[in-house]
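Undergrad: structure of the sequence below:
(chains A and B)
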2 protein chains.
Amino acid sequence: MGNDYYYECPHPVAIPPAKPFIESIKSGIKETLFPDDPFRQFKNQPASRKFILGLQYFVPVLEWAPRYTFEFFKADLIAGITIASLAVPQGISYASLANLPPILGLYSSFVPPLVYAMLGSSKDLAVGTVAVASLLISSMLGKEVNPNENPKLYVQLALTATFFAGVFQAALGFLRLGFIVDFLSHATIVGFMGGAATVVCLQQLKGILGLVRFTHGTDLVSVMRSVFSQAHQWRWESGVLGCCFLFFLILTRYVSKRKPGFFWISAMAPLTSVIVGSVLAYLTHAEQNGVQVIGHLKKGLNPPSVSELAFGSPYLMTAIKTGIITGVIALAEGVAVGRSFAMFKNYHIDGNKEMIAFGMMNIAGSCTSCYLTTGPFSRTAVNFNAGCKTAVSNIVMATAVMITLLFLTPLFHYTPLVVLSSIIIAAMLGLIDYEAAISLWKVDKCDFIVCMSAYFGVVFGSVEIGLVIAVVISLLRMLMSVARPRTFLLGNIPNSMIYRSIDQYPIANNVPGVLILQIDAPVYFANANYLRERISRWIYEEEEKLKSTGGSSLQYVILDLSAVGSIDTSGISMLEEVKKNIDRRDLKLVLANPRSEVIKKLEKSKFMESIGQEWIYLTVGEAVAACNFMLHRSKSSNNPATEKVELDAHDNV
Amino acid sequence: MGNDYYYECPHPVAIPPAKPFIESIKSGIKETLFPDDPFRQFKNQPASRKFILGLQYFVPVLEWAPRYTFEFFKADLIAGITIASLAVPQGISYASLANLPPILGLYSSFVPPLVYAMLGSSKDLAVGTVAVASLLISSMLGKEVNPNENPKLYVQLALTATFFAGVFQAALGFLRLGFIVDFLSHATIVGFMGGAATVVCLQQLKGILGLVRFTHGTDLVSVMRSVFSQAHQWRWESGVLGCCFLFFLILTRYVSKRKPGFFWISAMAPLTSVIVGSVLAYLTHAEQNGVQVIGHLKKGLNPPSVSELAFGSPYLMTAIKTGIITGVIALAEGVAVGRSFAMFKNYHIDGNKEMIAFGMMNIAGSCTSCYLTTGPFSRTAVNFNAGCKTAVSNIVMATAVMITLLFLTPLFHYTPLVVLSSIIIAAMLGLIDYEAAISLWKVDKCDFIVCMSAYFGVVFGSVEIGLVIAVVISLLRMLMSVARPRTFLLGNIPNSMIYRSIDQYPIANNVPGVLILQIDAPVYFANANYLRERISRWIYEEEEKLKSTGGSSLQYVILDLSAVGSIDTSGISMLEEVKKNIDRRDLKLVLANPRSEVIKKLEKSKFMESIGQEWIYLTVGEAVAACNFMLHRSKSSNNPATEKVELDAHDNV
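TA: Next comes the predicted model:
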C-alpha cells in the first residue's frame, strides 16, 4: 500500500455526539459510586421479588440460611470452637493493649460476631478485636485521658470512639464511598502493619520484663529509654516465663506452617499457654514472686452501655477523631481480609455492603460494652483452615465466649500477664512482612519508599504520623505522575505500520523530516506548562541534532494523543500555544488518534478549526503517510527529479 | 495477510534493560525540576565563558545592555512615561485599598521596577502593585490588627509580609519549584480574579458613597449590610463625581479598545482624572462639602525600612501566612503575564528565573518602604502597546515616579478619594472575564464548576476561602480521573487492522469470541480495586449479552495497555487477580502493547511468567489475529469441517 492510498482515504477520526450534561453526570456518578453495578439482579423483576432481593441484599443471612444444611453445621461447629479458643486469650490481651479492662475483650467477641453473622457477606471472616486498632485507641485516647487515673472516663471515650467508628463505617458504606479505603495502598498497609506490629511488640516489653511503670509514648526512643532507665526493676521470673511461652507459640506456628493439616496446633496454642500459665502461677504462687496476673474478672454477659456513650464530654472531638481513624484502619484490614478469602473460594464480596455490616456491628458493640472489632487476619485464617462453611462459625464462637463469660471467668484470675504478652508478640511477628517489603524494592522503588516511610513513621513517630506520611507520599506520587507525564519519541518498527517509543524499541527508525511525540497522561492544568516546555525542547533538540548530522530538515511534528484520556481548558490553551510555536518555526502540527473526550473538546474550543480537520489522523501510521506524501509532493514541485525519493518513502512507510 | 503470518511472526514486545536506580532518580529529578533544560547553553564551553554565561543567566541586564541602542531608548522612553502616568494614580489607589498610607503606593513604583530591570527576563513587564494582592493584605492583616487604631504596626506587618513573600518567591525559583504555581489552573484564576475584582468594586462603594465607617468584611453580605444600614449618610456630591469619572474612564477604555492606535487615551485617562478631579476639588472647596481628599503626602524618596520589619512581633505568623499567599498569587499573575507577552514577541521566559527576580524585587522593596509588587496585566498591556523594547521602560517609569516623589506630591493634596475609587473600579471591570467563563461552560463543565466555586467562594466567603475551594476541587478532579479511569470496549474499524473504542467509532465491529478492553490511565493503588470490579463487570455483561443473543461463547479477553503509562505493585496484584478470575471462567487473558514501565514491572514481579510471554502482543491487531488463529485451530481439531470458518476469519482480521 503506497502513500497515495492512505492520504486519499484515511480512516476519519470520529467526533462522538455530545452527551447531555445531566446524562454524563449520571454516568459519572454511576462509575464513581457503583462500579460493580450491585443492582443488576434487580432488573426486570416484579416488585415483590425486588423487595425480597432487597432484604436479602442488606441482610445476607436471609439469602443463605434457607440453604443451610447439617453438613455445613458440622464444619462450622469445629471451626467456631477453634477460633473461640483463640478469641478468648487474644480478646483479653488486646483489651489490655488498649488499656481497657480485660473483660471488654471478651464482651467484644460476643455481640459483634452475632451481628456480623446476620449482615456480613463473607463466609470466612471471623470477627474480633485487633492489635493495631487497640494500640491506636490507647495512644490517641491516652494522650487526653490517663487510663489509670480516670478509668471510667477512658472506657466511656473508647466506647464513644467505637460508636463513631461504626457510624463512619456504615456511612461510608451507605454513601458508597468505600473507595476511600483504596487510598491506603498495598505498600502503605505493608509498612504500616509492620510498624504497628513492631510498636506493639515493644509495648510488650512491659509485660515480659514485669515493669510496673511504663512510658505512654509508643515510639522506639521513648520505649527504649523507659526500659533501660528501669533496668534494676527487671524481673527475671517474668522474663523467663515469657520467653518460654513465646518459644512454644512460635514453635507451634512453625509446625502448623510446615504441615497445614496441623493448623489446630497453632490455633490451640494460645489457650494452652493460658491454661498452663494459669496453673503454673496458681501452684507456684507466682503472684507473690513478681509475676503479675489478670486478677478478678466479672462474671456475666455484656452489660448495656448506651448510657456510657459520652456525647457531652469535653473530649468528644478526640473520641470522634479516634473513631474515624481506627474505623478506617479497621475497615481496610477487614475488607482486604474478606476479599482475599473470598477470592480463594471464588465468591464475590461487595466492599460497601461489608462496610455497612462492620459499621452496624460496631454501633451495636458500642451499646453493649464492646470496643472496636473488625475481621482480623490471623483469626480469619484459622477459621478458613478449620474448614468453616458460613458465618455460623461466628455464632458458634460467640456462644463459646458466652459460656466463658457466664461460667469460666474466675478461671482466668491467675493468668499471668506475661503469657498474654507472649501471645501478642507471637501474633505480631507474623504481621512484619519483610518478604513483601523486599519484593516491593525489587518491583517498584517508589512503593518501597512509601512502605518504609510508613514503617519508620510508625516506629519513630507515632501510628498516626506514619499513616499520614505514607498516604501523603502515595498521593504525591500519583499527583506527580499527572504533573510530570512522560513524553516519548516514536519510531517506525521495521516492516510494519507500527510506531513505538524508540526508548523501548531501539530497532524503531526515525522518519526523516517528521518528529513523532507521544504524550503519556491526560493533559491538565498541572502538566500543561510542563508539556509545553517539554515539547518545545523535543523540537529544539531534534533540530539541533539534524543540524549537526546534516539530515533533512524538520517539516512535521506529529503528536500521538492515544494515551491522552482527557483534557481540560488549560490543556487546550497549551495545544494552542504549541501550535503557535510550531507554526512560527515553519513546521506543521499533526494530531494522531485523539480520543473521544479530547476530540469533543477540541471541536468545541474551535482548536479543530484552527488546526484543520485534515491534519488529524486516526493512527500515527496514517499521519506519517500523509506527511510523507506532502513532503514529497512539495519536493517534487520544487525539484522535478524526485522519483527515487518517492520510491524510498514507500519502503519506509 | 492471513492469521498464519501474524501468529507465527508477530513483532515481539521489547523489555527495555533496567536502568540503575540512581540514574532513574537523576532523570526523574531533571524532568521534575529542569524540564526546560536551562543549562544547555553551558555545555561544552570553557570555564571563563561559563562564568560570564552564568552571570548573564542570573542578571539578564548584562546580556542585553551591551546591545542596547538609541532607537530602543526612544521607544522605551515613550512607553515609560505612559506607564508612569498610570502608575502614580494606581499606586495611590491600591495603597488605600490595602489600608496603607497612599505614599507607599508611590514608593512601590520606584525601587522594585529598578530591581526588576536588572534581574527580570521579560522585555514587556511593567512592575507595580496590584489590586488583588492589596485586597488580600488588607483582609488578612486587617483581621489581626486594625489599620486605623494601630497604623504603625499595620504598616510594619505589611512590610514584613512583603519581605516573606519575596523570600518565598525567590526560594521557589532557586529550588526550581515554580511548577507549584501551575496548580492554579486557568479556570481557578479566571474565577478567582473575577471574584476578587467584584469584591474590590464593592469595597469602592465606601469611596463613591462618601461613607466614613465601613465593614472590615470583604464578602457581599457584609458590604451590602454596611452600605444599606448607612443609607442616610450617602453623599450625593461624592456619588455624582464618582459616576462622572467612572463614565469617562470606561469611555476612554472603550475608544482605545476599538482603535488600538489610541491606546494612550486610556493610559492617560487616570492621570487626567486625577488632575481634573484635584483642580475641581480645589476650586469648589469640595473638602468642606463632604468629598474626602487624599490630604498631605510626604515629599522625598523611599525611607529605608529594614528596622520596620517586625520579626519579633506576636503577629509574625500572620505576616508569614499573608506573605506566602499573596506571594503565590502575585507570582501566578506576574509569571502568566510575562509569558503571554513573551509569546507575542516570540522569546522565551524561564518561569523559575522570573520568580527569583520577583523575589529579589520584593525583598529589596520591603527594605525601602515598598509593599508587594508584581507585573500587573493592565500596566504591562499599556507598556506593550506603547511599544516598549526592553526593561528600560521600567527605569523610565521609576525615574518619573522619583521626580513625582521629590517635587510633585503636594499637588495630590486635593485629589478626591472618589476619583481613586473610580480608577480602581474601571480597572477591575476588565478583570471580570465573563466571556472566559462562558467558554469554560461550553468546553469543559468541570472547569466551569471550578471557576464558579472560586468566584462565589471569594464573593460570599473570603479571598482565601475561594482560593482553597477552587484548588481543592481542581486537585480532586485530577485525583478522581486517576481513581476512576475509563475502560473502553474496542472493536475493529472495517477494512483495517485498527481497533478503536466502539463508543467513539460506532462503525467498529466486535470480534466474535474475543473481548477487547482498553484501560485509560496508569494503574495505581487508587484505581486497582475499581479496575478489577470494572473488568469483571465487562466480562459478565459480555457473557450475558452473548447468552441472550446466542452468539459464539467468549474465549479470550484482550487488555489493551497502550494508555497505561505506569503501574505500581497494587496494580500488578490487580492484574494477577484479574487473571485468576479469567482463568476460573475458562477464558484466556491476553495483553496488548504494554509500555516500557509496565513490561519491566510485569517481568520483575513474575507476572509475565505466569501469563506466558506468548500471550503478550505488540498491537491489539496482532493479539486478535493470534486469538483467531488459536480459536479456529481448536475448533478444527474438534470439528474437521471448518475450512469456511477459517476463511471468514481472514476477512475479519
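Undergrad: residues in contact with the closest residue to chain B within the stretch 401-550 of chain A?
TA: Of all residues in the stretch 401-550 of chain A, A:F525 sits closest to chain B, at 3.1 Å by C-beta to the nearest C-beta. Glycine gets a C-beta too; all of them are placed from N, C-alpha and C. Contacts for A:F525 (C-beta atoms under 8 Å, 6 or more residues apart in numbering or on different chains) come out as A:D568, A:S570, A:G571, B:D182, B:F183, B:L184, B:S185, B:H186, B:A187, B:T188, B:S474.
Undergrad: ok, so what distance separates it from B:G28?
TA: A:F525 is 21 Å from B:G28, where distance means C-beta to C-beta, to the nearest Å.
Undergrad: same check, this time on A:P38
TA: 41 Å.
Undergrad: ok, now A:I137?
TA: 40 Å.
Undergrad: so the two - more neighbours on which side?
TA: When A:I137 and B:G28 are compared for neighbours, A:I137 comes out ahead with 30 against 13, by other C-beta atoms under 10 Å in any protein chain shown.
Undergrad: surely A:G195 meets A:V459?
TA: Yes - contact criterion C-beta atoms under 8 Å: A:G195 and A:V459 qualify, at 5.0 Å.
Undergrad: show me which residues of the stretch 301-450 of chain A sit near chain B.
TA: Contacts of the stretch 301-450 of chain A with chain B, taken as C-beta under 8 Å from any C-beta of the partner chain, map to A:M343, A:N346, A:G351, A:S439, A:L440, A:K442, A:V443, A:D444, A:K445, A:C446, A:D447.
Undergrad: same thing but at 7 Å, please
TA: A:M343, A:N346, A:L440, A:K442, A:V443, A:D444, A:K445, A:D447 (C-beta under 7 Å from any C-beta of the partner chain).
Undergrad: then the stretch 1-150 of chain A?
TA: Within the stretch 1-150 of chain A, the positions near chain B by C-beta under 7 Å from any C-beta are A:H11, A:A14, A:P16, A:F21, A:E31, A:T32, A:P35, A:D36, A:D37.
Undergrad: show me where the stretch 401-550 of chain A has helices.
TA: A:417-429, A:434-443, A:445-456, A:463-483, A:525-549 (DSSP state H, counting those that start in this stretch).
Undergrad: for the next helix or strand after the longest one, enumerate the helices and strands it packs against.
TA: What it means is helix A:525-549. As assigned by DSSP states H and E, the chain's next helix or strand after helix A:525-549 is strand A:556-560. Here strand A:556-560 touches strand A:514-519, strand A:588-592, helix A:620-638, going by 3 or more C-beta pairs under 7 Å, 6 or more residues apart in numbering or on different chains; DSSP states H and E.
Undergrad: again, only using 10 Å
TA: strand A:487-492, strand A:499-501, strand A:514-519, helix A:525-549, helix A:569-584, strand A:588-592, helix A:620-638 (3 or more C-beta pairs under 10 Å, 6 or more residues apart in numbering or on different chains; DSSP states H and E).
Undergrad: can you say which of the ones you listed is nearest to A:F58?
TA: helix A:525-549 (41.0 Å; C-beta to C-beta).
Undergrad: quick one: buried residues of that closest one?
TA: Residues A:525-536, A:538-539, A:542, A:546 are the ones in helix A:525-549 that count as buried (16 or more other C-beta atoms under 10 Å in any protein chain shown).
Undergrad: again with stretch A:165-173
TA: A:A165, A:G166, A:V167, A:F168, A:Q169, A:A170, A:L172, A:G173.
Undergrad: before we move on, what about stretch A:262-280?
TA: A:263-275, A:277-278, A:280.
Undergrad: hey, C-alpha coordinates of that stretch in PDB?
TA: Taking Å, rounded to 0.1, in the frame of the first residue of the first chain, the C-alpha atoms of stretch A:262-280 are listed here in PDB:
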ATOM      1  CA  PHE A 262      -1.900 -29.300  61.900                       C
ATOM      2  CA  PHE A 263      -3.400 -25.800  61.700                       C
ATOM      3  CA  TRP A 264      -5.200 -26.600  65.000                       C
ATOM      4  CA  ILE A 265      -1.900 -26.900  66.900                       C
ATOM      5  CA  SER A 266      -1.100 -23.200  66.500                       C
ATOM      6  CA  ALA A 267      -4.800 -22.300  66.900                       C
ATOM      7  CA  MET A 268      -5.000 -24.100  70.200                       C
ATOM      8  CA  ALA A 269      -1.600 -22.900  71.400                       C
ATOM      9  CA  PRO A 270      -2.700 -19.600  72.900                       C
ATOM     10  CA  LEU A 271      -5.400 -21.200  75.000                       C
ATOM     11  CA  THR A 272      -3.000 -24.000  76.000                       C
ATOM     12  CA  SER A 273      -0.500 -21.300  77.100                       C
ATOM     13  CA  VAL A 274      -3.100 -19.500  79.100                       C
ATOM     14  CA  ILE A 275      -4.200 -22.700  80.900                       C
ATOM     15  CA  VAL A 276      -0.600 -23.900  81.500                       C
ATOM     16  CA  GLY A 277       0.500 -20.400  82.600                       C
ATOM     17  CA  SER A 278      -2.500 -20.000  85.000                       C
ATOM     18  CA  VAL A 279      -2.000 -23.500  86.600                       C
ATOM     19  CA  LEU A 280       1.700 -22.800  87.000                       C
END
